[in-house]
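Trainee: Sequence below, structure please.
(2 chains)
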2 protein chains.
Amino acid sequence: MPLTLTPLLGIPLVKTGDDLTQIILEGLIRSGLTLADGDILVVAQKIVSKAEGRMVNLNQVEPSVQAIELAIKVEKDPRIVELILQESNQILRIRPGTIIVEHRLGFICASAGIDHSNVYGETGIPEDWVLLLPLDPDNSAGEIRARLEAASGARLGVLIIDSHGRAWRLGVVGTAIGISGFPALVDLRGQQDLFGYRLQITQVGAADELASAASLVMGQAAEGTPVVHVRGFTYPLREASIKEILREKDQDLFR
Amino acid sequence: MPLTLTPLLGIPLVKTGDDLTQIILEGLIRSGLTLADGDILVVAQKIVSKAEGRMVNLNQVEPSVQAIELAIKVEKDPRIVELILQESNQILRIRPGTIIVEHRLGFICASAGIDHSNVYGETGIPEDWVLLLPLDPDNSAGEIRARLEAASGARLGVLIIDSHGRAWRLGVVGTAIGISGFPALVDLRGQQDLFGYRLQITQVGAADELASAASLVMGQAAEGTPVVHVRGFTYPLREASIKEILREKDQDLFR
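Mentor: Numbers count the residues shown, from 1 in each chain, chains lettered A, B, ... in the order given. Purely as a prediction, here's the structure:
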């Protein structure tokens, strides 16, 4: 069976308090898509954060001394640096223009996932506003999934994705930050190759692979297609948390 | 338009000297697939390496003193360590069971991409044989593409992919190691968001995103689906080398 990724049509701009599940259900109907057992919905972090009211007005941020000092080193707005510090467990690397952190959710990313584009708060001045990641993306995915399953009667998976940079390679790639009913990792241990030889590859980053696939369909330039419907995912669905994909600090050769 | 990834059915086991393009063309017919402008073929590194005769009999490898010393530290077969050294520009990290290198092709990966599973050489003893990466994967992709384009009359893209581990996150993901007629990076610089604000994300790792998508369709456990047909890729195709995705050493905070 082919793997098919279809963007939902006509998703409106999402605002704080909007009912995201209802917006997704209407988008499915508008796109002529149904929900069947094993289907997956991939949702851009940005619209989840907006619906959950994670926008911050920079004019209400008071940078700490630490944030001001760091802001000089990285040549960034000290108010944004203050928010990055608040959202992070640890700073891993800095250089002008870049702060790489361990986000409070455990994953490594630039600027704690704080985003400045496509955010448009009450003041109407885009420069005033930034968007933080959802408080608990696994939980956000779980809420969307529960309501989509109730509405459809189908066993579904839900992913919330962001775009992350990588070590060693240029370009961002779609990366899972929250999941529900979907395996972050697929464990192949114990499986054999065609000749009965034990497989060397034992764990597949399936959630990130699907996040990257969906990211291609969403694009980056606009916000028109922040939800993607996936059919034909080949590995079994199961209950999981995105935390299972995070490498333990003492097992990571590149921290 | 949806993004559709379809595995080619019934691809036989590939041997040294096999005509891979012919095998792909027959697989397309067998799968009821056609080639149209903008279609992409994603090919697993393993069958490219096999067709190109990149199998090595470990019994014919003479490990150097350096390989023997390193093999003790990492608890690996010194003959495999010798091949890893030969295939690498630089060793980045080691620990028991793991050698992370800069491959001679420039990318960072474990064990220089040398693979022990699903390899079955003339001796008939799988333990005797390993498989090296293709000598020049961009060139391999280019040869396949030229012949597929000649056979179809369509403008195509070809990716050769492997599975790579990552810093910070567990699980391997499909990663592009050779491309032809396909952008490694999609540059969004100068594009604006919905509100006319400059995009913060400027480069998308499109080749790796599609490699990850195709990897989901190929699976890992067997070699039955090493070629995937892709339709509906959204970014423009262009001439490129995979080298454009490699981060310059002095620009990499995690080397």
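Trainee: domains of chain A?
Mentor: Listed by automatic domain parsing, the domain ranges of chain A are A:4-54+A:134-242, A:55-131.
Trainee: tell me the most buried of those?
Mentor: Ranked by mean neighbour count, the domains of chain A are led by domain A:4-54+A:134-242 with a mean of 20 (mean count of other C-beta atoms under 10 Å in any protein chain shown). For the C-beta atoms, the positions are set from N, CA and C on the backbone; glycine is no exception.
Trainee: Can you give the distance of that domain from its chain's centre?
Mentor: Domain A:4-54+A:134-242 has its C-alpha centroid displaced from the chain centroid by 8 Å (C-alpha atoms, centre = their mean, to the nearest Å).
Trainee: Pull the contacting residues for the residue nearest to the spatial centre of chain A.
Mentor: Nearest to the mean C-alpha position of chain A, by C-alpha atoms, centre = their mean, lies A:Ile161 at 2.4 Å. By C-beta atoms under 8 Å, 6 or more residues apart in numbering or on different chains, A:Ile161 lies in contact with A:Val42, A:Val43, A:Ala44, A:Gln45, A:Gly174, A:Thr175, A:Ala176, A:Ile177, A:Ala211, A:Ala214, A:Ser215.
Trainee: Just the ones of the residues you listed in helices?
Mentor: Members of the contacts of A:Ile161 lying in helices (criterion: DSSP state H): A:Gln45, A:Ala211, A:Ala214, A:Ser215.
Trainee: Just the closest of the residues you listed to chain B, please.
Mentor: A:Ser215 (5.6 Å; C-beta to the nearest C-beta).
Trainee: ok, now which ones touch the nearest residue to the closest one once chain neighbours are set aside?
Mentor: Closest residue to A:Ser215 apart from its sequence neighbours, by C-beta to C-beta, 6 or more residues apart in numbering or on different chains: A:Gly174 at 2.6 Å. Contacts for A:Gly174 were tallied using C-beta under 8 Å, 6+ apart; they are A:Ile161, A:Asp162, A:Ser163, A:Asp208, A:Ala211, A:Ser212, A:Ala213, A:Ala214, A:Ser215, A:Leu216, A:Met218, B:Glu209.
Trainee: residues making contact with the lengthiest helix in chain A?
Mentor: Taking DSSP H as the criterion, chain A has its longest helix at helix A:137-152. Residues outside helix A:137-152 that contact it (C-beta under 8 Å, 6+ apart): A:20-21, A:24-25, A:34-35, A:41, A:43, A:45, A:48, A:52, A:105, A:134, A:154-160, A:177-181, A:241-243.
Trainee: Could you rerun that using 6 Å?
Mentor: Residues outside helix A:137-152 that contact it (C-beta atoms under 6 Å, 6 or more residues apart in numbering or on different chains) are A:21, A:25, A:35, A:48, A:134, A:156, A:158, A:160, A:177-181, A:241-242.
Trainee: Read off the pLDDT value for A:Glu223.
Mentor: At A:Glu223, the model reports a pLDDT of 54.
Trainee: roughly how far apart are A:Ala167 and chain B?
Mentor: To chain B, A:Ala167 is 4 Å away according to C-beta to the nearest C-beta, to the nearest Å.
Trainee: show me what contacts the closest residue to that residue other than its chain neighbours?
Mentor: Setting aside the residues directly before and after it, A:Ala167 is nearest to B:Phe254 in space (C-beta to C-beta, 6+ apart), at 3.7 Å. By C-beta under 6 Å, 6+ apart, B:Phe254 lies in contact with A:Ala167, A:Phe254, B:Ala167.
Trainee: okay, these in a markdown table with pLDDT next?
Mentor: Listed next are the contacts of B:Phe254 as a markdown table, based on pLDDT from 0 to 100:
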| residue | pLDDT |
| --- | --- |
| A:Ala167 | 93 |
| A:Phe254 | 85 |
| B:Ala167 | 93 |
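Trainee: Reformat the residues you listed into JSON lines and put distance to B:Ala112 and secondary structure next to each item.
Mentor: What follows is the contacts of B:Phe254, written out as JSON lines (distance: C-beta to C-beta, whole Å; DSSP: H, G, I helix; E, B strand; the rest coil):
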{"residue": "A:Ala167", "distance to B:Ala112": "17", "secondary structure": "coil"}
{"residue": "A:Phe254", "distance to B:Ala112": "17", "secondary structure": "coil"}
{"residue": "B:Ala167", "distance to B:Ala112": "17", "secondary structure": "coil"}
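Trainee: Can you list the low-confidence ranges for the stretch 101-250 of chain A?
Mentor: A:117-126, A:190-201, A:220-224 (pLDDT under 70).
Trainee: can you map out the helices along it?
Mentor: Listed in chain order, the helices of the stretch 101-250 of chain A (DSSP state H, counting those that start in this stretch) span residues A:137-152, A:206-218.
Trainee: Mind giving me the packing neighbours of the shortest one?
Mentor: Under the contact criterion of 3 or more C-beta pairs under 6 Å, 6 or more residues apart in numbering or on different chains; DSSP states H and E, the helices and strands touching helix A:206-218 comprise strand A:3-7, strand A:173-180, helix B:206-218.
Trainee: angle of the first one against helix B:206-218?
Mentor: Relative orientation of strand A:3-7 and helix B:206-218, computed by axes from the mean of the first three to the mean of the last three C-alpha atoms, to 10 degrees: 130 degrees.
Trainee: ok, strand A:3-7 near chain B or not?
Mentor: Yes: on the criterion C-beta under 6 Å from any C-beta of the partner chain, strand A:3-7 is in touch with chain B at A:Leu3, A:Thr4, A:Leu5, A:Thr6.
Trainee: Against which helices or strands is that strand packed?
Mentor: helix A:206-218, strand A:227-231, strand B:3-7.
Trainee: I'd like the C-alpha coordinates of the longest helix of chain A written as CSV, please.
Mentor: C-alpha atoms of helix A:137-152 as CSV (Å, rounded to 0.1, in the frame of the first residue of the first chain):
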residue,chain,number,x,y,z
PRO,A,137,2.8,18.5,23.3
ASP,A,138,2.1,14.9,24.1
ASN,A,139,-0.9,16.0,26.0
SER,A,140,-2.0,18.3,23.2
ALA,A,141,-1.7,15.5,20.8
GLY,A,142,-3.7,13.2,23.1
GLU,A,143,-6.5,15.6,23.4
ILE,A,144,-6.8,16.1,19.7
ARG,A,145,-6.6,12.3,19.1
ALA,A,146,-9.3,11.5,21.7
ARG,A,147,-11.8,13.9,20.1
LEU,A,148,-10.9,12.8,16.5
GLU,A,149,-11.3,9.1,17.6
ALA,A,150,-14.7,9.9,19.3
ALA,A,151,-15.9,11.7,16.2
SER,A,152,-14.7,9.0,13.7
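Trainee: Ok, which of the helices of the stretch 101-250 of chain A comes nearest A:Lys73?
Mentor: helix A:137-152 (29.5 Å; C-beta to C-beta).
Trainee: now, which of the contacts of helix A:137-152 sits nearest chain B?
Mentor: Among the contacts of helix A:137-152, and counting by C-beta to the nearest C-beta, the member closest to chain B is A:Ile242, at 9.8 Å.
Trainee: I'd guessed that closest one sits against A:Ile179; true?
Mentor: Yes: judged on C-beta atoms under 6 Å, A:Ile242 makes contact with A:Ile179 at a distance of 5.1 Å.
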